[in-house]
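Engineer: Could you look at this predicted model? Sequence included:
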Amino acid sequence: MRETPRPRETAADSGSGLPQRRPERAFAHAGADGSGTPHRSDGRPPHTPRGARRTDLAGHPGTTPPVPGWPAPLVSGVLGLLAVLFALITWQVAVEGPLLRLDERVGAKLFERGPAGLTQVFSDLGGMPVALPVLTCAIAYALWRRALRLAVYAALTMAAVPALVIPLKVATARQGPLTEAVNYYPSGHTATAAVAYGATALVLLALPRPAWLREASWPRAWMMPVAAILLTTATGIGLVLHGYHWPLDVLASWCLGPLVLAPLWWVSCRSRRRSSG
């Protein structure tokens, strides 16, 4: 009598015993090069979703291709709104419209409020002696990491601030608060803070962090743009409360800063895509 072939065991029939290793499958799971990385013998990616996904710089599963930063349509929409708001404020200042008169009434109630020493410190955050060395250190670090294009764009972004602000000051010739002097619109200190700290954050985000810093629990990536926003906001608040600028002067520079930073943001995103690709 011929022996009936024994059917293969299934997972349900195997019971509670531990699975046994099968030598003939060890080579397929270890990879053709013996590296120990599991993959299919025919070269195709495994069927599991995680196995087919690319990872980011930190080793976490990412998208394919990686798309760091905010979506481009969202950024374009925000920049468009800021451009419209900046144009509206500039027009009202130039024609001395109702928005300008409202600004003067609001500003008169805010001037010389709060601790004078603290508001002075906040105001100084937008000065060249404070903001420019911060950006200079970031540019030097980019050059050290051989990111020449990123460093050049950051330097040109900072140079665009006086090139845009000074002609606007002369064209509008707005009188400052608590003084007879003119050329106060828009706020140069606020624009300097927005661009210097914002460009620093974009440069540092685009460069891969050193190994010792990646292993640390801080600083997180989101801390750099948040710090730039907080420093820029503090600068504008200090300028208004101390009586150096009208509120619209500061608001206009808050709108102008992201517009000036837009080309550097684009270069920063491209650098991060190349680094994570």
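Structural biologist: Here it is on my side, so go on.

Engineer: And the helices in the stretch 1-150 of the chain?
Structural biologist: Listed in chain order, the helices found in the stretch 1-150 of the chain under DSSP state H, counting those that start in this stretch are 23-30, 72-95, 98-110, 116-124, 128-144, 148-172.

Engineer: Please convert the ones you listed to CSV, extending it with mean pLDDT, distance to residue 263 and mean neighbour count.
Structural biologist: Any C-beta I mention is one placed from the backbone N, CA and C, and that applies to glycine too. Listed next are the helices of the stretch 1-150 of the chain as CSV, based on pLDDT from 0 to 100; distance: least, C-beta to C-beta, whole Å; neighbours: other C-beta atoms under 10 Å:
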stretch, mean pLDDT, distance to residue 263, mean neighbour count
helix 23-30, 45, 48, 10
helix 72-95, 93, 11, 14
helix 98-110, 95, 29, 13
helix 116-124, 96, 28, 17
helix 128-144, 96, 15, 16
helix 148-172, 97, 6, 17
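
Engineer: okay, those in JSON lines with distance to residue 246 next?
Structural biologist: Shown next, in JSON lines, are the helices of the stretch 1-150 of the chain (distance: least, C-beta to C-beta, whole Å):
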{"stretch": "helix 23-30", "distance to residue 246": "70"}
{"stretch": "helix 72-95", "distance to residue 246": "9"}
{"stretch": "helix 98-110", "distance to residue 246": "5"}
{"stretch": "helix 116-124", "distance to residue 246": "14"}
{"stretch": "helix 128-144", "distance to residue 246": "21"}
{"stretch": "helix 148-172", "distance to residue 246": "11"}
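
Engineer: Show me the one of those that comes nearest residue 254.
Structural biologist: For the helices of the stretch 1-150 of the chain, proximity to residue 254 was assessed by C-beta to C-beta; helix 72-95 is nearest, at 8.3 Å.

Engineer: what angle separates the closest one from helix 148-172?
Structural biologist: 30 degrees (axes from the mean of the first three to the mean of the last three C-alpha atoms, to 10 degrees).

Engineer: Quick one: list the elements packing against helix 72-95.
Structural biologist: Under the contact definition 3 or more C-beta pairs under 8 Å, 6 or more residues apart in numbering; DSSP states H and E, helix 72-95 sits against helix 98-110, helix 148-172, helix 247-276.

Engineer: List the contacts of that helix.
Structural biologist: With contacts defined as C-beta atoms under 8 Å, 6 or more residues apart in numbering, helix 72-95 is touched by 69, 97-100, 168, 171-172, 174, 185-186, 248, 251-252, 255-256, 258-259, 262, 265.

Engineer: Emit the ChimeraX select command for whichever of those residues are buried.
Structural biologist: What follows is the ChimeraX syntax for the buried subset of these, where burial is set by 16 or more other C-beta atoms under 10 Å:
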select :69,100,168,172,174,185,186,248,251,252,255,256,258,259,262,265
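
Engineer: Take the helices and strands packed on helix 72-95 and write them to JSON lines, including distance to residue 81.
Structural biologist: Shown next, in JSON lines, are the helices and strands packed on helix 72-95 (distance: least, C-beta to C-beta, whole Å):
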{"stretch": "helix 98-110", "distance to residue 81": "17"}
{"stretch": "helix 148-172", "distance to residue 81": "19"}
{"stretch": "helix 247-276", "distance to residue 81": "9"}
